[in-house]
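Enquirer: output the structure for:
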Amino acid sequence: MKIKILPSKANGTVVAPPSKSMAHRALICASFTEKSRVSQIGKSRDVDVTLDCLEKLGARIERVEDGVIIGGFKPQNIPDGSKIYCHESGSTLRFFIPLCMLGKGKTYISGAPRLMERPLTVYETLAEELGIDFSLKDGILTVGGGLKAGDYSVDGSISSQFITGLLLALSCIPEKSTLTVTGKFESASYVDLTLSALKTFGKTVVRNNNTYEINPDTSFASTDYTVEGDWSSSAFLDALKLIGGSVRVKGLNEDTLQGDAIYRSFYKRLARGYYTYDLSDCPDLAPILFALASVLHGGEFTGTARLKIKESDRAQAMREELAKIGCDITVEENRVIIPKAKLHPPSVPISSHNDHRIAMAMGVILTLLGGEIEDAEAVTKSYPSFWVTLTELQIGLEFYA
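Expert: Numbers count the residues shown, from 1 in each chain. Below you'll find the predicted structure:
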């Protein structure tokens, strides 16, 4: 799908979409209970993928208005030969691998080619140490059973998703386990979201410095849960305000544990002038921050190395797309430099690089300049109604097949 964005100023009030990060975690934890209801899960493709994988592995799921009734999933009972497809969802892939390591035999996991290229070394090393089958061939990951209670350690500098995946799996084992994070612990706030979800559904995990202790004396309990609004998606809506619009976003929890809520302080700095920002704990904010910096005063961004392993190589993708509107950025191994630029409408369509955050970030900037975006449907991964929301904010859009 291609869209044409007309220069327009955003105006209006909208409701934040549900948090994809919390929906993943809540659905998985709820599936471990006898029967729970999870409401306001949204319609993102990634969340649909997690639901599909849970159902294929044994969870009972009844779809109801704006949510699901779910339960009955026991990872230790995953049948030998089970197959799941994770599409493009990194969270689904990394959360489910250790759950499949609890199963009765081999589970076959696949996904989109880009997803299956993303690093899995943490689990590969763990499987080798435990003597668990773990092999990737022709885009299909074969994972064997055999994960047991124990004392584990994980490098925290690669992705917090590995830590969350192991915490979810070890919480299903009736014996005590510990998980220690070594090295630089990046995106720790996402693990806080995991602990919050586990606690809500009855399972206690205690953090002592960088070691997590899974309490074997607590068990998963049926709960009614409503997913809170997503600060990560709301960053794109509030960005419209920063470039001259009048936008109010409702439905956000001011006491959230979502790390991407830090964008509010970043935006204040962006409005004041050139600044250096560390994105180690919030890499998903990079595309919109790069875009805004090009419009405002420029900026320097560190902690960007992990952008290579997202849905696209995000720093390079933003370099290509910002160049089309007159901003030449510098991309280094772990740093991106954005100059203040004199921007102009693109003479050729903007590419989304099949990356939802690239599409939304460039969409925000094109409300100032006008222009076209190809493969605009990439937003379905996290925020399917994004373009419709822009029209509700009085942004002029034209849609093409």
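Enquirer: can you pull out the helices in the stretch 301-401 of the chain?
Expert: Taking DSSP state H, counting those that start in this stretch to define them, one finds helices in the stretch 301-401 of the chain at 314-323, 356-369, 386-392.
Enquirer: only C-alpha atoms, please: export the first one in PDB.
Expert: Read it as helix 314-323. What follows is helix 314-323, C-alpha atoms only, in PDB (Å, rounded to 0.1, in the frame of the first residue of the first chain):
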ATOM      1  CA  ARG A 314      17.300   1.200  11.400                       C
ATOM      2  CA  ALA A 315      20.100   3.700  11.400                       C
ATOM      3  CA  GLN A 316      21.000   3.000   7.800                       C
ATOM      4  CA  ALA A 317      17.300   3.000   6.800                       C
ATOM      5  CA  MET A 318      16.800   6.400   8.400                       C
ATOM      6  CA  ARG A 319      20.000   7.700   6.700                       C
ATOM      7  CA  GLU A 320      18.600   6.700   3.300                       C
ATOM      8  CA  GLU A 321      15.100   8.200   3.900                       C
ATOM      9  CA  LEU A 322      16.200  11.400   5.600                       C
ATOM     10  CA  ALA A 323      18.600  12.000   2.600                       C
END
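Enquirer: can you pull the buried residues of that helix?
Expert: 314, 315, 317, 318, 319, 321, 322 (16 or more other Cβ atoms under 10 Å). Using the backbone N, CA and C atoms, a C-beta is placed for each residue, glycine as well.
Enquirer: looking at the residues you listed, which is nearest residue 289?
Expert: Closest approach to residue 289 among those (Cβ to Cβ): residue 318, at 9.7 Å.
Enquirer: ok, that closest one touching residue 329?
Expert: Yes - if you go by Cβ atoms under 8 Å, residue 318 and residue 329 touch, sitting 6.9 Å apart.
Enquirer: look up the closest residue to residue 76, ignoring the ones flanking it.
Expert: Nearest residue to residue 76, sequence neighbours excluded (Cβ to Cβ, 6 or more residues apart in numbering): residue 102, at 5.1 Å.
Enquirer: roughly how far does that neighbour sit from residue 88?
Expert: According to Cβ to Cβ, to the nearest Å, residue 102 and residue 88 sit 25 Å apart.
Enquirer: re the thing from before, could the helices of the stretch 301-401 of the chain go into a markdown table alongside mean pLDDT?
Expert: Compiled in a markdown table, the helices of the stretch 301-401 of the chain are given as follows (pLDDT from 0 to 100):
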| stretch | mean pLDDT |
| --- | --- |
| helix 314-323 | 98 |
| helix 356-369 | 98 |
| helix 386-392 | 98 |
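Enquirer: of all those, which lies closest to residue 164?
Expert: helix 356-369 (19.9 Å).
Enquirer: relative to helix 314-323, how tilted is that closest one?
Expert: If you take axes from the mean of the first three to the mean of the last three Cα atoms, to 10 degrees, helix 356-369 sits at 20 degrees to helix 314-323.
Enquirer: which helices and strands sit right next to helix 356-369?
Expert: strand 2-6, helix 231-242, helix 286-295, helix 314-323, strand 350-351, strand 371-374, helix 386-392 (3 or more Cβ pairs under 8 Å, 6 or more residues apart in numbering; DSSP states H and E).
Enquirer: can you check which of these gets nearest to residue 77?
Expert: Per Cβ to Cβ, nearest to residue 77 of the helices and strands packed on helix 356-369: helix 231-242, 34.0 Å.
Enquirer: what helices or strands is that closest one leaning on?
Expert: Helix 231-242 packs on helix 20-31, strand 246-250, helix 263-272, helix 286-295, helix 356-369, helix 386-392, going by 3+ Cβ pairs under 8 Å, 6+ apart.
Enquirer: could you list the buried residues of that helix?
Expert: So helix 231-242, judged by 16+ other Cβ under 10 Å, has buried residues 231, 232, 233, 234, 235, 236, 237, 238, 239, 240, 242.
Enquirer: tell me which of the buried residues of helix 314-323 is nearest to residue 387?
Expert: In terms of Cβ to Cβ, no member of the buried residues of helix 314-323 lies closer to residue 387 than residue 321, at 17.2 Å.
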